[in-house]
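K.L.:
okay, sequence plus prediction incoming.
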Amino acid sequence: MRRFWVPVLLLVAAATALLFLRSPAADPPTREVAVTSADAATAPPPAAATVPPTRDTSDTSAIEPSGTGSERDPYRLNWPLLMAAERGDEPDGSITVPDRIARYDGTHVEISGYLAPPVAVDRTSELLVMRNRWDGCCIGTPPTPFDCVEVTLSQSVPVRGRHLISYGTIRGRLRIEPFRVGRFLLGLYRIEEGTVDGFGR
């Protein structure tokens, strides 16, 4: 085995020496030259930095949900639309929900996300549907009032023996009701008479 490593080490040493010998000589010292005001006047302006265009986040035309809002054809909500309500949040806990979101209050909707039930129960009729995965404690990203929806199911579903965090789709009637404790906004969206697809899979 040692006979194999000796030539390898010799090759590595030879390559290192070759690279060292081929390295360019140190650059000669440069002399700083002061630029006079005349030179500054005739010097071309520095090139402007190229900044990629950004989409105006207040424009939600690209994320308007499809559907008619009926039970058979619910609005297919998306998280960017719901999260746009954060711009109406005030430091005192009050909130002005934009009209483009408030108009879905009372309509039938559908939304997909991570589902989390209460812990230590065998069955539940309540879930959270969230934009981000969260285990209810310290793994994942805790939800805000703008990227989660409280869900009351029309029928309870079993919890025991199932993974506590799943990804699925919720359908039901949306209610937009700010829930505050003091000046803190804790919740905004709620779905009633909900049904769930994907829980526990």
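P.N.:
Cool, the structure landed.

K.L.:
use CA for all of it now, contacts and neighbours both
P.N.:
Noted.

K.L.:
what does stretch 166-185 rub up against?
P.N.:
71, 74, 91-95, 102, 104-116, 129, 145, 186-201 (CA atoms under 8 Å, 6 or more residues apart in numbering).

K.L.:
list the buried residues of that stretch.
P.N.:
Residues 166-176, 178, 185 are the ones in stretch 166-185 that count as buried (16 or more other CA atoms under 10 Å).

K.L.:
quick one: secondary structure of the closest residue to residue 196 other than its chain neighbours?
P.N.:
Excluding the flanking residues, the one nearest residue 196 by CA to CA, 6 or more residues apart in numbering is residue 170, at 4.7 Å. Going by DSSP: H, G, I helix; E, B strand; the rest coil, the secondary structure assigned to residue 170 is strand.

K.L.:
who's residue 170 bridged to?
P.N.:
residue 111, residue 196 (DSSP bridges).

K.L.:
tell me how far it lies from residue 83.
P.N.:
Plainly put, residue 170 is 17 Å away from residue 83 if you go by CA to CA, to the nearest Å.

K.L.:
can I assume residue 131 is in contact with residue 79?
P.N.:
Yes. Using CA atoms under 8 Å, residue 131 makes contact with residue 79 at a distance of 6.6 Å.

K.L.:
list residues touching both of these two?
P.N.:
Taking CA under 8 Å, 6+ apart as the contact rule, residue 131 and residue 79 both touch residue 147.

K.L.:
and those two? Which one has more around it.
P.N.:
The residue with more neighbours, out of residue 131 and residue 79, is residue 131; 24 against 16, by other CA atoms under 10 Å.

K.L.:
how close does that one get to residue 87?
P.N.:
According to CA to CA, residue 131 stands 18 Å off from residue 87.

K.L.:
then residue 180?
P.N.:
To residue 87, residue 180 is 17 Å away according to CA to CA.

K.L.:
what about residue 73, neighbour count?
P.N.:
Residue 73: 13 surrounding residues under other CA under 10 Å.

K.L.:
typo on my end, residue 97
P.N.:
By other CA under 10 Å, the residues close to residue 97 number 20.
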